[in-house]
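> Sequence and predicted model, in that order:
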Amino acid sequence: MSIGAGPVVNPFPVDRSPRAFRSNAHHDPQDPFRNERKGRYRPKVPKRIPKRIPDDRFNELFAALSSNRDRAMLAFWVSTGARADELLSMSQKSADPGQQLITVIRKGTREVQQLPASPDAFVWLRIYQEEAWGKDAPHGCDHPLWMTLRRPWRQLSYSGARAMFSRAQSMLGSNWTIHDLRHTAAFRMTSDPDMPLSDVQWILGHAHLTTTQLYLTQLSGIASDGREYPGREGHNNIRRGSTFEMLTV
C-alpha cells in the first residue's frame, strides 16, 4: 500500500453471508430474535456538536445589516430559536407585542405554537412595519409579516433571506448559516441556569430531550472565539446574557 499497489482491504467489511440481504430472514418463530446488522463491524457515526455564533461576532453581524427588517428577523431568530421557514411563514397577526409572543407553525407536526421573544425584537419589528406601511406595503392580519423591501410587494422567501444573511457576512468574512442562529439561541437558553432543560426542549420543538442535551456540550471550556467561559453550574457567579434580554449592538 505504501507504493500504491495491491488491493485495499476494507477494515469494516460487509457481511456477505447468504443472510446478508435481510436480518432474521429465515427466523424460526420458536427462537428469540438476534440483534444482527448487515455491517457487523460498522462503527456508529458520532453526533456533531452544533455550531454557534459567539456573542461579539453576533453583534458585528447585527451591525452589518442594512435594513430594520433584517435586524428584526435576526432578533427573532436568535431569541425564539424558531426555524427559518417557521419565522418566514408568519402572518402579521402572528406577532403579539403585548404578550411578547409569536405564533409559528411547527415543522413536521404542523402544530401551532406560541414562542416567547425578546422585547428588542418587537421594537425592531415595529420600526420595520412603520417604514413598510409608509411605503404603502400591504397592511392586514392575513398579509405576510416579512415582505420584500420594494415593489412589487411579496412574501420574503428563504432564498431571499439567505442572500440577505450572506451579504451581511461578506463584510465579516464568516460563513454561518441561518440555522446557526437557531443553534445560537439554543446555546443561550441552555446556558441560563434559571431555565429548565425541558422548557428549552419545548421552545425548540425537539421530540426527544437527548437532542436538546447536545447544546450542553460546550457550556464549559473554550469557546469558538478563544475565550474561556464557565459551565452551567458556574453561572451563579458569572452569567451570560439571557436570551430574552435586550440585544446590544
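All right, it came through fine.
> Quick check: closest non-adjacent residue to the most centrally placed residue in the chain.
By Cα atoms, centre = their mean, the chain has its centre lying nearest to Arg182, at 2.4 Å. Of all residues not flanking Arg182 in the chain, Gly81 sits nearest, at 5.3 Å (Cβ to Cβ, 6 or more residues apart in numbering). Bear in mind the C-beta positions are built from the backbone N, C-alpha and C, glycine included.
> swap in Phe33?
Asn24 (5.7 Å).
> Quick one: end-to-end length of stretch 92-107, please.
With Cα to Cα, to the nearest Å as the measure, stretch 92-107 spans 19 Å from end to end.
> and it, which residues are buried?
Counting neighbours by 16 or more other Cβ atoms under 10 Å, one finds that the buried residues in stretch 92-107 are 92, 94-95, 100-102, 104.
> For stretch 172-181, which outside residues touch it?
With Cβ atoms under 8 Å, 6 or more residues apart in numbering as the test, stretch 172-181 has contacts from 50-53, 57, 60-61, 64, 74, 77-78, 83-84, 161-162, 165, 169.
> Generate a ChimeraX selection restricted to the buried entries among these.
Typed into ChimeraX, the line below selects the buried ones among the contacts of stretch 172-181, using 16+ other Cβ under 10 Å:
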select :50,52,53,57,60,61,74,77,78,83,84,161,165,169
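> Show me where this structure has its strands.
95-96, 101-105, 112-116, 221-222, 228-229 (DSSP state E).
> For the chain, just list every one of the helices.
Along the chain, counting by DSSP state H, helices occupy 55-63, 68-80, 84-88, 119-134, 158-170, 178-190, 197-204, 209-212.
> Return the distance of the fourth one from the chain's centre.
Taking Cα atoms, centre = their mean, to the nearest Å, one finds helix 119-134 lying 23 Å from the centre of the chain it belongs to.
> Tell me the helices and strands packed up against it.
helix 68-80 (3 or more Cβ pairs under 8 Å, 6 or more residues apart in numbering; DSSP states H and E).
> Please list the residues outside the helix it packs on that contact it.
Counting by Cβ under 8 Å, 6+ apart, 58, 61-62, 65, 82, 84, 87, 102, 104, 115-118, 120-121, 124-125, 127-128, 131-132, 146, 149, 161, 164, 168, 178, 181-182, 184-185, 188, 203, 243-244, 247 sit against helix 68-80.
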